[in-house]
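>>> When you get a sec, could you give me coordinates for this:
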Amino acid sequence: MNKTLEKETIGSRIKKTRIKQNITIRELCKLTEIEEVLLSTYESELMEPNVREIAKISIALNVTSDYILGRIDEETNYLRILNRYKGCSVK
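Alright, predicted model coming up:
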């Protein structure tokens, strides 16, 4: 199958990002307070994390939840997003 046509899954994005950042599953477990067995099942695509777990994982990996969910392809981090809106007031 053509690589450009393949859609990455939530689990594959978590694993790819974790490995890219040299973080072990055990370390991610400590950062997210999610059990190691659950993180392994997410990366193996046997289960998908719930909304709270996606938030914890994206914060620990410093990527947006939209990236983890496959809505965007750029691994934009939260600091870049916050800096973009720095100085803007919400009314």
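>>> number of nearby residues for Ile19?
Number of residues near Ile19 (other Cβ atoms under 10 Å) recorded here: 12. C-beta: built from backbone N, CA, C; applies to glycine.
>>> any weak-confidence spans in the protein?
1-6, 76-91 (pLDDT under 70).
>>> In the protein, mark out all the helices, start to finish.
In the chain, the helices defined using DSSP state H lie at 10-20, 25-32, 36-43, 51-61, 65-69, 78-85.
>>> now for the shortest one, which elements pack on it?
Put plainly, it is helix 65-69. In terms of contact count using 3 or more Cβ pairs under 8 Å, 6 or more residues apart in numbering; DSSP states H and E, helix 65-69 is assigned the packing partners helix 10-20, helix 51-61.
>>> so which of the ones you listed comes closest to Ser44?
Nearest of the helices and strands packed on helix 65-69 to Ser44, taken as Cβ to Cβ: helix 10-20 at 6.5 Å.
>>> what about stretch 23-43, distance to the chain center?
Here stretch 23-43 is found 12 Å from its chain centre; the criterion is Cα atoms, centre = their mean, to the nearest Å.
>>> now the end-to-end length of it.
13 Å (Cα to Cα, to the nearest Å).
>>> list the buried ones in it?
Of the residues in stretch 23-43, 23, 25, 28-29, 32, 34, 39, 42-43 count as buried by neighbour count, 16 or more other Cβ atoms under 10 Å.
>>> Save the helices and strands packed on helix 65-69 as JSON lines, and put in distance to Ile68 too.
JSON lines is the format used below for these (distance: least, Cβ to Cβ, whole Å):
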{"stretch": "helix 10-20", "distance to Ile68": "5"}
{"stretch": "helix 51-61", "distance to Ile68": "5"}
